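K.L.:
Let's see this in three dimensions:
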Amino acid sequence: MAIKLIVFDLDGTLIEWENSWNIIRDSLGLTKEYVKAYISKKMTYFELKDKDKKHWIEKGVKKDDLEEALKNYKMNSHVEFVIKELKRKNIKIVMISEAPCLLANKIGKRLGFDYIFCTDILFNDDNEFKDYKLNVPGPLGKLKVFKDICKELNINIEETMVIGDHMNDIEMLKEAGISIAYDSKIKELDEIVDLKIEDMREILKYID
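P.N.:
Got it, this is the predicted structure:
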């Protein structure tokens, strides 16, 4: 069955950074100890974001601070070439990421993505951080967005490919027609995907 839609994660998949939120935390001089609790499943995704929210408000974070922190991203090798090839074949290209939209939208527009789903960061009139809009809340949130966009575009889920690198991609990968781990970061991912790759150009072999 021909692939009609491909979903990409952002952090660690399209770009070199494994976690853009940690880039922000480092830039702001904030602790990442509570992130370890989330990774070890001792904290929920929503508890994690509440911790970030509390720290950012206490710190008086502004939009300029976040844009400065996120400006030096680097694309992974061959990503731009691969996206051009997929668009030339009229395949729908979708980004589903928990990353901040300040970063995701910039990259998605640069590459020409058809749809971008990410975490909106809300600011007050003085451009001070106010809150998040969690459009993609964790692994199950990613799965819901994935299924919703397939339904909206009338694309069978067997006609999709998902490419991710970490635990928050697992639920989408389980459902995809073709599931691919790019530079996989965890053993659990390796155990459920159809393919493991380290060169993004390899996905072109599986496009009719």
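K.L.:
what's the offset of the helix-or-strand element of the chain with minimal mean pLDDT from the middle of its chain?
P.N.:
Across the helices and strands of the chain, mean confidence by mean pLDDT, DSSP states H and E is lowest for helix 33-39: a mean of 82. Relative to its parent chain, helix 33-39 has a centroid offset of 18 Å by C-alpha atoms, centre = their mean, to the nearest Å.
K.L.:
Also stretch 55-74?
P.N.:
That offset, for stretch 55-74, works out to 18 Å (C-alpha atoms, centre = their mean).
K.L.:
can you dump the C-alpha coordinates of that stretch into CSV?
P.N.:
C-alpha atoms of stretch 55-74 as CSV (Å, rounded to 0.1, in the frame of the first residue of the first chain):
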residue,chain,number,x,y,z
HIS,A,55,9.9,27.9,37.4
TRP,A,56,9.4,30.1,34.3
ILE,A,57,7.0,32.4,36.1
GLU,A,58,9.3,32.7,39.1
LYS,A,59,12.2,33.5,36.7
GLY,A,60,10.2,36.1,34.8
VAL,A,61,10.8,34.5,31.5
LYS,A,62,10.1,36.6,28.4
LYS,A,63,9.6,35.6,24.7
ASP,A,64,13.0,37.1,23.8
ASP,A,65,14.7,34.7,26.3
LEU,A,66,13.1,31.7,24.7
GLU,A,67,13.9,32.8,21.1
GLU,A,68,17.5,33.4,22.1
ALA,A,69,17.7,29.9,23.7
LEU,A,70,16.3,28.2,20.6
LYS,A,71,18.0,30.1,17.8
ASN,A,72,21.0,27.8,17.3
TYR,A,73,19.3,24.5,16.4
LYS,A,74,20.9,22.3,13.7
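K.L.:
about what we covered before: so which residues lie in contact with the least confident helix or strand of the chain, not counting its own?
P.N.:
19, 21, 22, 25, 43, 44, 45, 47, 48, 51, 167 (C-beta atoms under 8 Å, 6 or more residues apart in numbering). Any C-beta I mention is one placed from the backbone N, CA and C, and that applies to glycine too.
K.L.:
same thing but at 7 Å, please
P.N.:
22, 43, 45, 48, 51 (C-beta atoms under 7 Å, 6 or more residues apart in numbering).
K.L.:
Closest to residue 71 out of those?
P.N.:
residue 22 (15.7 Å; C-beta to C-beta).
K.L.:
Please report how far that closest one lies from residue 33.
P.N.:
Counting by C-beta to C-beta, to the nearest Å, the separation of residue 22 from residue 33 is 12 Å.
K.L.:
For the two, indicate the residue with more neighbours.
P.N.:
For residue 22 versus residue 33, neighbours defined as other C-beta atoms under 10 Å are more numerous around residue 22 (14 against 8).
K.L.:
ok, the more buried one touching residue 30?
P.N.:
No: using C-beta atoms under 7 Å, residue 22 makes no contact with residue 30, being 9.5 Å away.
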